[in-house]
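**Q** turn this into a model:
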Amino acid sequence: MWSPCTSPTRTHFAHPSGQAPEGGHHPETVWHITTKHTLARWARSRPGVTAVRLEQWTPDQDRRTDVAVRLEDGTRLALEAQRMLMTDDAWRARHGDYRRQGIVDVWFWRPGVHFPHVVLSEGLPVWFYVPSRGTAWTAFGRAHQKVHRWWEVKDPAVFGLHHRRARSTTWNGRPYHSASWTWTGMG
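**A** Residues are numbered from 1 along each chain as shown. Next comes the predicted model:
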């Protein structure tokens with residue numbers, strides 16, 4: 001089949017008319033391809049997993065999951081590999097769509113990408129994946145101490161666990177912890 005501009009076409013994913021993201025899509029990167037295939041391979045190796053599919057539509061056909069996983073007990077997971085900046089509103093919309101359909105979404109961010117901090121307000125860990133090392137990692141810190149009249153602070157979230165992107169032993173002078181796992185070590 002030939003398009004009007006005489007270039008060959010192939011079967012491919014396309015958004016319904018008028019539903020593509022503003023500005024269109026960017027080509028899939030090596031990091032994204034590698035990460036989603038690594039996630040799928042890892043999920044297939046885990047006990048209790050009954051199905052793993054790449055680029056799977058959600059039941060309502062509104063979202064396409066990078067890696068869809070179904071467990072023996074019926075739990076459905078969406079493993080998402082995100083390499084670009086995402087706004088809080090965009091993440092909330094995707095997370096809300098998954099939650100509304102009973103799907104647990106787990107996000108893996110490319111190191112160095114600024115993730116939407118609303119993820120933390122949902123109490124979710126921020127995972128990073130480094131393909132060259134085959135490791136996933138997250139970081140978390142100790143909560144601030146509640147001081148006199150602590151409820152008057154501008155951002156009460158400082159009293160919860162903090163997540164951190166950078167690989168250092170302190171953040172704003174406070175110690176924090178990081179944890180990393182190779183895919184073979186993650187259960």
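**Q** what part of this structure, helix or strand, is modelled with the least confidence?
**A** strand 170-171 (a mean of 43; mean pLDDT, DSSP states H and E).
**Q** tell me where the protein has helices.
**A** 30-44, 88-100, 118-121 (DSSP state H).
**Q** which among these is found nearest to residue 137?
**A** Nearest to residue 137, of all the helices of the chain, is helix 30-44, at 13.4 Å by C-beta to C-beta. C-beta coordinates here come from the backbone N, C-alpha and C atoms, glycine included.
**Q** how many other residues sit next to the closest residue to residue 117 other than its chain neighbours?
**A** Nearest in space to residue 117, with sequence neighbours left out and distances taken as C-beta to C-beta, 6 or more residues apart in numbering, is residue 88 at 7.1 Å. By the measure other C-beta atoms under 10 Å, the count of residues near residue 88 is 13.
**Q** measure residue 88 to residue 104 for me?
**A** Taking C-beta to C-beta, to the nearest Å as the measure, residue 88 falls 20 Å from residue 104.
**Q** and residue 63, by the same measure?
**A** Counting by C-beta to C-beta - residue 63 and residue 104 are separated by 13 Å.
**Q** how far away is the residue nearest to residue 117 from residue 38?
**A** Taking C-beta to C-beta, one finds residue 88 at 27 Å from residue 38.
**Q** and if you look at residue 82?
**A** Residue 82 is 14 Å from residue 38, by C-beta to C-beta.
**Q** residue 87 now?
**A** To residue 38, residue 87 is 26 Å away according to C-beta to C-beta.
**Q** check residue 154 too.
**A** Taken as C-beta to C-beta, the span from residue 154 to residue 38 is 40 Å.
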